[in-house]
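A.B. asks: Sequence plus the predicted model coming up.
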Amino acid sequence: MSAERSITAERRAGRGASSRDCGRFERHRYEDAHDGWDLPEELPPLRTEVVQERPRSLINYVRSPDVPFDRTINPYRGCEHGCIYCFARPSHAYLGLSPGLDFETKLVARPDAPEVLARELRARRYRPQTIAIGTNTDPYQPIERDRGIMRACLEVLRDFNHPVAIVTKGTLIERDIDILADMARRGLARVGISVTTLDATLARRMEPRVPSPTRRLATIQRLSAAGIEVRVMASPVVPALTDPELERILEAGAKAGAVAASWIMLRLPREVSPLWRAWLAEHYPDRAARVMARLREMHGGQDYSADWGRRMRGEGPYAELIARRFALASRKLGLDRKLPPLRTDLFAPPARAGDQLSLF
(Lines give C-alpha, C1' and ligand atoms only; values in the text may rest on other atoms or scores of the structure.)
Protein backbone atom coordinates (compact mmCIF):
# COMPACT_ATOMS: atom_id res chain seq x y z
CA MET A 1 0.00 0.00 0.00
CA SER A 2 1.21 3.53 -0.68
CA ALA A 3 2.87 5.07 2.33
CA GLU A 4 3.29 8.62 1.02
CA ARG A 5 0.65 11.22 0.53
CA SER A 6 2.29 14.29 -1.02
CA ILE A 7 5.63 14.14 -2.80
CA THR A 8 8.06 17.01 -3.27
CA ALA A 9 8.48 18.40 -6.78
CA GLU A 10 12.11 17.29 -6.87
CA ARG A 11 11.25 13.63 -6.19
CA ARG A 12 8.42 13.54 -8.73
CA ALA A 13 10.18 15.29 -11.61
CA GLY A 14 8.72 14.07 -14.89
CA ARG A 15 5.49 12.89 -13.27
CA GLY A 16 1.99 14.26 -13.65
CA ALA A 17 0.38 13.73 -10.24
CA SER A 18 1.69 15.26 -7.02
CA SER A 19 0.39 12.75 -4.47
CA ARG A 20 -0.02 9.11 -3.64
CA ASP A 21 -3.38 9.36 -1.91
CA CYS A 22 -4.85 5.91 -1.38
CA GLY A 23 -7.68 4.69 -3.56
CA ARG A 24 -11.32 4.72 -2.58
CA PHE A 25 -11.35 1.08 -1.43
CA GLU A 26 -8.66 1.46 1.25
CA ARG A 27 -9.76 1.74 4.87
CA HIS A 28 -6.57 3.43 6.09
CA ARG A 29 -4.47 6.29 4.83
CA TYR A 30 -0.78 6.73 5.49
CA GLU A 31 1.42 9.80 5.56
CA ASP A 32 5.15 10.39 5.97
CA ALA A 33 6.21 11.25 9.51
CA HIS A 34 9.52 12.55 10.78
CA ASP A 35 11.53 9.86 12.59
CA GLY A 36 12.70 12.31 15.25
CA TRP A 37 16.36 12.20 14.30
CA ASP A 38 17.79 15.61 13.47
CA LEU A 39 19.80 14.27 10.53
CA PRO A 40 19.65 15.46 6.92
CA GLU A 41 18.21 12.82 4.63
CA GLU A 42 17.62 13.01 0.90
CA LEU A 43 14.90 10.76 -0.43
CA PRO A 44 15.47 9.24 -3.89
CA PRO A 45 13.43 10.28 -6.92
CA LEU A 46 10.50 8.10 -7.85
CA ARG A 47 11.41 5.25 -10.15
CA THR A 48 9.13 3.19 -12.35
CA GLU A 49 8.43 -0.29 -10.98
CA VAL A 50 6.96 -3.07 -13.09
CA VAL A 51 5.39 -6.31 -11.89
CA GLN A 52 3.95 -9.09 -14.01
CA GLU A 53 0.40 -10.38 -14.10
CA ARG A 54 -0.75 -13.58 -15.78
CA PRO A 55 -4.33 -12.90 -16.91
CA ARG A 56 -6.86 -15.71 -17.15
CA SER A 57 -8.76 -13.71 -19.78
CA LEU A 58 -7.86 -10.69 -21.88
CA ILE A 59 -10.81 -9.50 -23.96
CA ASN A 60 -12.92 -7.05 -21.98
CA TYR A 61 -16.46 -6.66 -23.28
CA VAL A 62 -17.89 -3.14 -23.11
CA ARG A 63 -21.57 -2.34 -22.77
CA SER A 64 -21.59 1.42 -23.25
CA PRO A 65 -23.60 3.41 -25.81
CA ASP A 66 -20.96 6.15 -25.72
CA VAL A 67 -18.25 4.26 -27.59
CA PRO A 68 -18.19 2.72 -31.09
CA PHE A 69 -16.72 -0.63 -29.99
CA ASP A 70 -17.80 -3.49 -27.76
CA ARG A 71 -14.48 -5.06 -26.75
CA THR A 72 -10.99 -4.00 -25.71
CA ILE A 73 -7.70 -5.49 -24.57
CA ASN A 74 -5.00 -4.00 -22.33
CA PRO A 75 -1.39 -5.26 -22.46
CA TYR A 76 -0.57 -3.12 -19.38
CA ARG A 77 -2.16 -1.70 -16.25
CA GLY A 78 -1.10 1.81 -15.28
CA CYS A 79 0.64 4.19 -17.66
CA GLU A 80 4.04 5.83 -17.41
CA HIS A 81 2.96 8.65 -19.72
CA GLY A 82 1.55 10.30 -16.59
CA CYS A 83 -1.21 12.37 -18.22
CA ILE A 84 -2.73 14.17 -15.25
CA TYR A 85 -6.22 14.13 -16.77
CA CYS A 86 -6.29 10.40 -17.59
CA PHE A 87 -9.76 9.03 -16.87
CA ALA A 88 -8.25 5.54 -16.39
CA ARG A 89 -6.44 6.52 -13.19
CA PRO A 90 -9.25 5.27 -10.89
CA SER A 91 -8.73 1.73 -12.21
CA HIS A 92 -5.53 1.51 -10.14
CA ALA A 93 -7.65 1.67 -6.98
CA TYR A 94 -8.88 -1.86 -7.78
CA LEU A 95 -5.27 -3.01 -7.28
CA GLY A 96 -5.02 -1.34 -3.86
CA LEU A 97 -2.79 1.34 -5.37
CA SER A 98 -3.00 5.10 -5.70
CA PRO A 99 -4.64 6.54 -8.82
CA GLY A 100 -2.08 9.32 -8.42
CA LEU A 101 1.63 8.62 -8.58
CA ASP A 102 1.21 4.84 -8.27
CA PHE A 103 -0.70 4.85 -11.56
CA GLU A 104 2.40 6.33 -13.24
CA THR A 105 5.13 4.49 -11.37
CA LYS A 106 3.75 1.08 -10.33
CA LEU A 107 2.93 -0.62 -13.61
CA VAL A 108 1.63 -4.08 -14.39
CA ALA A 109 2.82 -5.91 -17.51
CA ARG A 110 0.90 -8.89 -18.89
CA PRO A 111 3.48 -10.97 -20.81
CA ASP A 112 1.07 -13.85 -21.44
CA ALA A 113 -1.45 -11.54 -23.11
CA PRO A 114 -0.69 -12.75 -26.69
CA GLU A 115 -1.19 -16.42 -25.78
CA VAL A 116 -4.38 -15.69 -23.84
CA LEU A 117 -5.69 -13.57 -26.73
CA ALA A 118 -5.05 -16.37 -29.23
CA ARG A 119 -6.85 -18.84 -27.02
CA GLU A 120 -9.90 -16.60 -26.71
CA LEU A 121 -10.01 -15.93 -30.45
CA ARG A 122 -10.06 -19.70 -31.08
CA ALA A 123 -13.08 -20.25 -28.84
CA ARG A 124 -15.90 -21.88 -30.81
CA ARG A 125 -18.42 -19.27 -29.71
CA TYR A 126 -16.23 -16.30 -30.52
CA ARG A 127 -17.60 -13.88 -33.14
CA PRO A 128 -15.22 -11.19 -34.44
CA GLN A 129 -15.76 -7.48 -34.03
CA THR A 130 -13.16 -4.73 -33.91
CA ILE A 131 -10.94 -4.92 -30.83
CA ALA A 132 -10.00 -1.49 -29.45
CA ILE A 133 -6.58 -1.07 -27.83
CA GLY A 134 -5.47 2.03 -25.93
CA THR A 135 -8.87 3.01 -24.60
CA ASN A 136 -7.72 2.59 -20.98
CA THR A 137 -3.92 2.77 -20.82
CA ASP A 138 -1.53 3.45 -23.69
CA PRO A 139 -0.17 0.27 -25.31
CA TYR A 140 2.83 2.23 -26.60
CA GLN A 141 4.00 3.65 -23.29
CA PRO A 142 7.79 3.49 -22.68
CA ILE A 143 7.95 -0.04 -21.18
CA GLU A 144 6.59 -1.50 -24.43
CA ARG A 145 9.96 -0.74 -26.04
CA ASP A 146 11.64 -3.50 -24.03
CA ARG A 147 8.73 -5.88 -23.43
CA GLY A 148 7.03 -5.94 -26.84
CA ILE A 149 3.71 -7.24 -25.50
CA MET A 150 1.69 -4.97 -27.75
CA ARG A 151 3.59 -6.04 -30.85
CA ALA A 152 3.06 -9.69 -29.98
CA CYS A 153 -0.68 -9.06 -29.59
CA LEU A 154 -0.71 -7.36 -32.99
CA GLU A 155 0.98 -10.38 -34.52
CA VAL A 156 -1.81 -12.57 -33.14
CA LEU A 157 -4.50 -10.28 -34.56
CA ARG A 158 -2.73 -10.22 -37.93
CA ASP A 159 -2.47 -14.01 -38.04
CA PHE A 160 -6.19 -14.33 -37.25
CA ASN A 161 -7.16 -11.58 -39.75
CA HIS A 162 -8.88 -9.82 -36.86
CA PRO A 163 -9.76 -6.08 -37.04
CA VAL A 164 -8.10 -3.71 -34.57
CA ALA A 165 -8.44 0.00 -33.77
CA ILE A 166 -5.60 1.58 -31.78
CA VAL A 167 -5.52 4.81 -29.80
CA THR A 168 -2.15 6.13 -28.64
CA LYS A 169 0.04 9.12 -27.90
CA GLY A 170 3.17 6.98 -28.25
CA THR A 171 5.41 7.34 -31.27
CA LEU A 172 6.67 3.80 -30.65
CA ILE A 173 3.76 2.71 -32.83
CA GLU A 174 6.03 3.50 -35.80
CA ARG A 175 7.98 0.36 -34.94
CA ASP A 176 4.91 -1.68 -35.87
CA ILE A 177 4.17 -0.03 -39.21
CA ASP A 178 5.13 -3.28 -40.95
CA ILE A 179 2.27 -5.15 -39.26
CA LEU A 180 -0.24 -2.29 -39.32
CA ALA A 181 0.34 -1.44 -42.99
CA ASP A 182 -0.25 -5.05 -43.97
CA MET A 183 -3.45 -5.17 -41.92
CA ALA A 184 -4.61 -1.77 -43.20
CA ARG A 185 -4.32 -2.95 -46.81
CA ARG A 186 -6.85 -5.63 -45.95
CA GLY A 187 -9.19 -3.28 -44.10
CA LEU A 188 -8.21 -4.64 -40.69
CA ALA A 189 -6.45 -1.76 -38.91
CA ARG A 190 -6.97 1.89 -38.07
CA VAL A 191 -5.16 4.28 -35.68
CA GLY A 192 -6.12 7.32 -33.64
CA ILE A 193 -3.37 9.71 -32.47
CA SER A 194 -4.21 12.02 -29.58
CA VAL A 195 -2.94 15.59 -29.86
CA THR A 196 -4.20 17.50 -26.83
CA THR A 197 -2.26 20.71 -27.42
CA LEU A 198 0.33 22.15 -29.81
CA ASP A 199 2.02 24.02 -26.94
CA ALA A 200 5.12 22.02 -26.01
CA THR A 201 5.38 23.59 -22.54
CA LEU A 202 1.76 22.86 -21.66
CA ALA A 203 2.09 19.34 -23.05
CA ARG A 204 5.18 18.62 -20.93
CA ARG A 205 3.37 19.74 -17.78
CA MET A 206 0.09 17.99 -18.55
CA GLU A 207 1.49 14.85 -20.25
CA PRO A 208 5.02 14.66 -18.81
CA ARG A 209 6.29 11.48 -20.50
CA VAL A 210 4.42 11.69 -23.78
CA PRO A 211 6.30 12.56 -27.02
CA SER A 212 5.99 16.22 -27.98
CA PRO A 213 3.05 17.43 -30.09
CA THR A 214 5.36 17.98 -33.07
CA ARG A 215 6.64 14.43 -32.77
CA ARG A 216 3.11 13.02 -32.62
CA LEU A 217 2.19 14.92 -35.78
CA ALA A 218 5.22 13.33 -37.46
CA THR A 219 3.84 9.93 -36.43
CA ILE A 220 0.54 10.75 -38.13
CA GLN A 221 2.50 11.60 -41.25
CA ARG A 222 4.51 8.37 -41.19
CA LEU A 223 1.52 6.14 -40.55
CA SER A 224 -0.47 7.87 -43.29
CA ALA A 225 2.41 7.54 -45.75
CA ALA A 226 2.36 3.80 -45.08
CA GLY A 227 -1.30 3.59 -46.08
CA ILE A 228 -2.73 3.43 -42.55
CA GLU A 229 -5.86 5.49 -41.93
CA VAL A 230 -5.26 7.86 -39.01
CA ARG A 231 -7.75 9.89 -36.98
CA VAL A 232 -6.46 13.00 -35.19
CA MET A 233 -8.01 13.15 -31.74
CA ALA A 234 -8.38 16.52 -30.03
CA SER A 235 -8.84 14.81 -26.71
CA PRO A 236 -9.42 15.95 -24.14
CA VAL A 237 -10.50 19.50 -24.81
CA VAL A 238 -9.65 21.48 -21.65
CA PRO A 239 -11.77 24.59 -21.09
CA ALA A 240 -9.76 27.84 -20.90
CA LEU A 241 -6.52 25.92 -21.40
CA THR A 242 -6.50 24.02 -24.72
CA ASP A 243 -9.87 24.94 -26.25
CA PRO A 244 -8.46 27.99 -28.13
CA GLU A 245 -6.26 25.54 -30.08
CA LEU A 246 -9.04 23.28 -31.34
CA GLU A 247 -9.03 24.47 -34.95
CA ARG A 248 -5.23 24.61 -35.13
CA ILE A 249 -4.93 21.04 -33.80
CA LEU A 250 -7.32 19.78 -36.48
CA GLU A 251 -5.52 21.76 -39.17
CA ALA A 252 -2.14 20.36 -38.11
CA GLY A 253 -3.57 16.83 -38.09
CA ALA A 254 -5.04 17.22 -41.56
CA LYS A 255 -1.77 18.63 -42.88
CA ALA A 256 0.05 15.59 -41.47
CA GLY A 257 -2.29 13.23 -43.31
CA ALA A 258 -5.13 12.42 -40.92
CA VAL A 259 -8.35 11.45 -42.73
CA ALA A 260 -10.79 11.91 -39.84
CA ALA A 261 -11.05 13.65 -36.46
CA SER A 262 -12.75 13.35 -33.10
CA TRP A 263 -12.95 15.20 -29.79
CA ILE A 264 -13.83 14.49 -26.17
CA MET A 265 -14.28 16.97 -23.34
CA LEU A 266 -12.09 16.72 -20.25
CA ARG A 267 -13.51 14.11 -17.86
CA LEU A 268 -12.77 14.02 -14.12
CA PRO A 269 -14.17 10.77 -12.70
CA ARG A 270 -13.60 9.80 -9.06
CA GLU A 271 -9.99 10.37 -7.94
CA VAL A 272 -9.08 12.25 -11.12
CA SER A 273 -10.89 15.37 -9.96
CA PRO A 274 -8.75 16.15 -6.87
CA LEU A 275 -5.60 15.21 -8.77
CA TRP A 276 -6.55 17.59 -11.57
CA ARG A 277 -7.44 20.43 -9.20
CA ALA A 278 -4.12 20.05 -7.38
CA TRP A 279 -2.29 20.13 -10.74
CA LEU A 280 -4.17 23.29 -11.78
CA ALA A 281 -3.35 25.01 -8.50
CA GLU A 282 0.34 24.19 -8.95
CA HIS A 283 0.77 25.03 -12.64
CA TYR A 284 -2.07 27.41 -13.65
CA PRO A 285 -3.49 29.00 -10.49
CA ASP A 286 -4.62 32.06 -12.47
CA ARG A 287 -6.92 29.92 -14.63
CA ALA A 288 -8.01 27.27 -12.15
CA ALA A 289 -11.31 28.89 -11.17
CA ARG A 290 -12.26 29.53 -14.79
CA VAL A 291 -11.43 25.96 -15.90
CA MET A 292 -13.47 24.41 -13.10
CA ALA A 293 -16.38 26.81 -13.63
CA ARG A 294 -16.70 25.74 -17.28
CA LEU A 295 -16.54 22.06 -16.36
CA ARG A 296 -19.21 22.42 -13.66
CA GLU A 297 -21.47 24.30 -16.04
CA MET A 298 -21.44 21.22 -18.29
CA HIS A 299 -22.12 18.73 -15.49
CA GLY A 300 -24.95 20.22 -13.46
CA GLY A 301 -22.67 21.99 -10.99
CA GLN A 302 -20.44 18.97 -10.37
CA ASP A 303 -16.84 18.41 -11.45
CA TYR A 304 -18.08 15.44 -13.50
CA SER A 305 -21.23 13.52 -14.29
CA ALA A 306 -21.03 9.93 -15.54
CA ASP A 307 -24.44 9.91 -17.26
CA TRP A 308 -24.40 8.05 -20.57
CA GLY A 309 -24.85 10.28 -23.57
CA ARG A 310 -23.41 13.31 -21.76
CA ARG A 311 -20.22 12.26 -19.99
CA MET A 312 -17.98 12.46 -23.08
CA ARG A 313 -19.07 15.93 -24.24
CA GLY A 314 -20.96 17.59 -21.41
CA GLU A 315 -24.02 19.73 -22.06
CA GLY A 316 -25.02 23.39 -22.09
CA PRO A 317 -23.89 26.46 -24.05
CA TYR A 318 -20.14 25.90 -23.73
CA ALA A 319 -20.31 22.24 -24.78
CA GLU A 320 -22.52 23.19 -27.72
CA LEU A 321 -20.06 25.91 -28.77
CA ILE A 322 -17.14 23.45 -28.80
CA ALA A 323 -19.23 20.95 -30.77
CA ARG A 324 -20.11 23.59 -33.39
CA ARG A 325 -16.51 24.76 -33.68
CA PHE A 326 -15.35 21.18 -34.15
CA ALA A 327 -18.01 20.43 -36.76
CA LEU A 328 -17.21 23.57 -38.74
CA ALA A 329 -13.43 23.06 -38.67
CA SER A 330 -13.55 19.34 -39.46
CA ARG A 331 -15.92 19.95 -42.38
CA LYS A 332 -13.67 22.70 -43.75
CA LEU A 333 -10.62 20.41 -43.51
CA GLY A 334 -12.34 17.32 -44.91
CA LEU A 335 -12.04 15.49 -41.59
CA ASP A 336 -15.76 15.01 -41.09
CA ARG A 337 -15.96 11.82 -43.12
CA LYS A 338 -17.44 8.71 -41.54
CA LEU A 339 -14.95 5.89 -41.96
CA PRO A 340 -16.35 2.51 -43.02
CA PRO A 341 -16.24 -0.30 -40.45
CA LEU A 342 -13.23 -2.55 -40.44
CA ARG A 343 -13.67 -5.96 -42.02
CA THR A 344 -14.68 -9.02 -40.03
CA ASP A 345 -15.32 -11.38 -42.95
CA LEU A 346 -11.63 -12.31 -43.25
CA PHE A 347 -11.41 -13.68 -39.72
CA ALA A 348 -9.97 -17.21 -39.65
CA PRO A 349 -7.92 -18.87 -36.89
CA PRO A 350 -4.59 -19.99 -38.37
CA ALA A 351 -3.82 -23.69 -38.50
CA ARG A 352 -1.73 -25.16 -35.68
CA ALA A 353 0.58 -28.13 -35.72
CA GLY A 354 -1.55 -31.22 -35.26
CA ASP A 355 -4.81 -29.65 -36.50
CA GLN A 356 -6.88 -31.90 -38.77
CA LEU A 357 -6.91 -30.51 -42.31
CA SER A 358 -10.16 -29.94 -44.15
CA LEU A 359 -10.94 -32.16 -47.16
CA PHE A 360 -12.43 -29.20 -49.03
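C.D. replies: Thanks, I have it. Since we're looking at a predicted model, the values are computed, not measured.
A.B. asks: A281 against A288, yeah?
C.D. replies: Yes: using CB atoms under 8 Å as the test, A281 is close enough to A288 to be in contact (5.7 Å). In this view, the C-beta of every residue, glycine as well, is placed from N, C-alpha and C.
A.B. asks: Show me which of these two is the more surrounded one.
C.D. replies: A side-by-side neighbour count of A281 and A288, using other CB atoms under 10 Å, places A288 first with 19 against 11.
A.B. asks: where does this structure dip in pLDDT?
C.D. replies: Counting by pLDDT under 70, the chain has low-confidence residues at 1-6, 28-35, 40-41, 354-360.
A.B. asks: looking at this, V108 is in a helix?
C.D. replies: No: counting by DSSP: H, G, I helix; E, B strand; the rest coil, V108 is located in no helix; its state is strand.
A.B. asks: Across the sheet, point out what pairs with it.
C.D. replies: With DSSP bridges as the criterion, V108 is bridged to V51, R77.
A.B. asks: separation between it and T48?
C.D. replies: Distance, V108 to T48, using CB to CB, to the nearest Å: 12 Å.
A.B. asks: Compare these two and say which one has the larger neighbour count.
C.D. replies: More crowded of V108 and T48, by other CB under 10 Å: V108, with 19 against 16.
A.B. asks: Surely that one and V51 touch.
C.D. replies: Yes: using CB under 8 Å as the test, V108 is close enough to V51 to be in contact (5.8 Å).
A.B. asks: Show me where this protein has its helices.
C.D. replies: If DSSP state H is used as the criterion, the helices of the chain fall at 101-105, 113-121, 144-147, 149-159, 177-185, 200-206, 213-225, 246-256, 272-283, 288-298, 317-333.
A.B. asks: Of those, which stretch is the most buried?
C.D. replies: helix 101-105 (a mean of 27; mean count of other CB atoms under 10 Å).
A.B. asks: So what touches that one?
C.D. replies: Helix 101-105 is contacted by residues 2, 4, 7, 12, 15-20, 46-49, 78-82, 86, 88-89, 92, 97, 209 when judged by CB atoms under 8 Å, 6 or more residues apart in numbering.
A.B. asks: 6 Å instead, please
C.D. replies: The contact list for helix 101-105, computed with CB atoms under 6 Å, 6 or more residues apart in numbering, reads S2, R15, A17, R20, L46, T48, G78, E80, G82, R89, H92.
A.B. asks: and it, how far out from the chain's middle?
C.D. replies: In this view, helix 101-105 has its centroid 15 Å away from the chain centroid, taken as CA atoms, centre = their mean, to the nearest Å.
A.B. asks: Other residues contacting the longest strand along the chain?
C.D. replies: The residue-count maximum for a strand in the chain (DSSP state E) belongs to strand 230-237. Applying CB under 6 Å, 6+ apart, the external contacts of strand 230-237 come out as 85, 191-195, 220, 223-224, 243, 246, 249, 253, 258, 260-266, 322.
A.B. asks: Show me where the stretch 1-150 of the chain has its strands.
C.D. replies: Ranges of strands in the stretch 1-150 of the chain, per DSSP state E, counting those that start in this stretch, are 49-52, 60-61, 71-73, 76-77, 106-109, 131-133.
A.B. asks: For the ones you listed, give me CSV that also has distance to D307.
C.D. replies: Below are these laid out as CSV (distance: least, CB to CB, whole Å):
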stretch, distance to D307
strand 49-52, 35
strand 60-61, 21
strand 71-73, 21
strand 76-77, 27
strand 106-109, 30
strand 131-133, 22
